[in-house]
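Enquirer: coords please:
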Amino acid sequence: MGLLGKLVAQIEFKAGGDVFHELFTHRPHHVSTTAPEKVHGCDLHQGEFGKEGSIICWKYTHDGKKRVAKQVVEAIDEEKKSITFKMLEGDLMELYKNFIIKIHIETKGDIDLVTWTLDYEMPNEDVPHPITLLAFFIDLTKAIESHHIGKP
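Expert: Numbering: from 1, shown residues only. Coordinates of the predicted model:
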């Protein structure tokens with residue numbers, strides 16, 4: 001067994017939590033339209049967008065390099081506005097034994113918060129924690145927000 005890790009970031013999303021949840025759950029292929037400098041595409045390989053068990057493949061740029069991530073939609077909870085992706089193949093799987101990304105939206109008063117949780121297993125201590133990937137998701141959230149509320 002490798003070394004387990006978890007990173008969490010929570011960021012306010014001013015364009016509406018429902019918008020964010022809908023985008024990643026039912027329309028992930030539209031993320032590239034909202035943040036084209038970060039995400040270049042999301043292809044459906046098996047199943048149907050918005051359905052558990054579906055397999056999707058992301059194309060994105062992280063740390064200045066073009067990357068790919070093939071994932072299965074492991075869980076969707078419409079009531080709690082959460083979606084969980086488990087990595088199957090791609091650049092992250094060259095470094096990590098297991099990698100799970102969970103996106104959860106919660107509302108506190110009038111504020112919608114997007115929480116990104118990265119659960120991962122490193123094969124040894126030489127593999128870095130994915131801190132720059134968490135920063136990527138924070139920046140992606142801000143870019144999507146800017147797209148939806150019209151800020152530069």
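
Enquirer: for this protein, what are the low-confidence residue spans?
Expert: 1, 151-152 (pLDDT under 70).

Enquirer: so what's residue 58 bridging to?
Expert: residue 42, residue 69 (DSSP bridges).

Enquirer: Now do the same contact list for it.
Expert: 28, 39, 41-42, 68-71, 90 (Cβ atoms under 8 Å, 6 or more residues apart in numbering). The C-beta positions use only the backbone N, C-alpha and C, and glycine is treated the same way.

Enquirer: Closest one of those residues to residue 80?
Expert: Relative to residue 80, the closest of the contacts of residue 58 is residue 28; by Cβ to Cβ it sits at 18.4 Å.

Enquirer: where's residue 29 relative to residue 49, distance?
Expert: 7 Å (Cβ to Cβ, to the nearest Å).

Enquirer: from memory residue 18 sits against residue 81, does it?
Expert: Yes: Residue 18 is in contact with residue 81 according to Cβ atoms under 8 Å; the separation is 7.4 Å.
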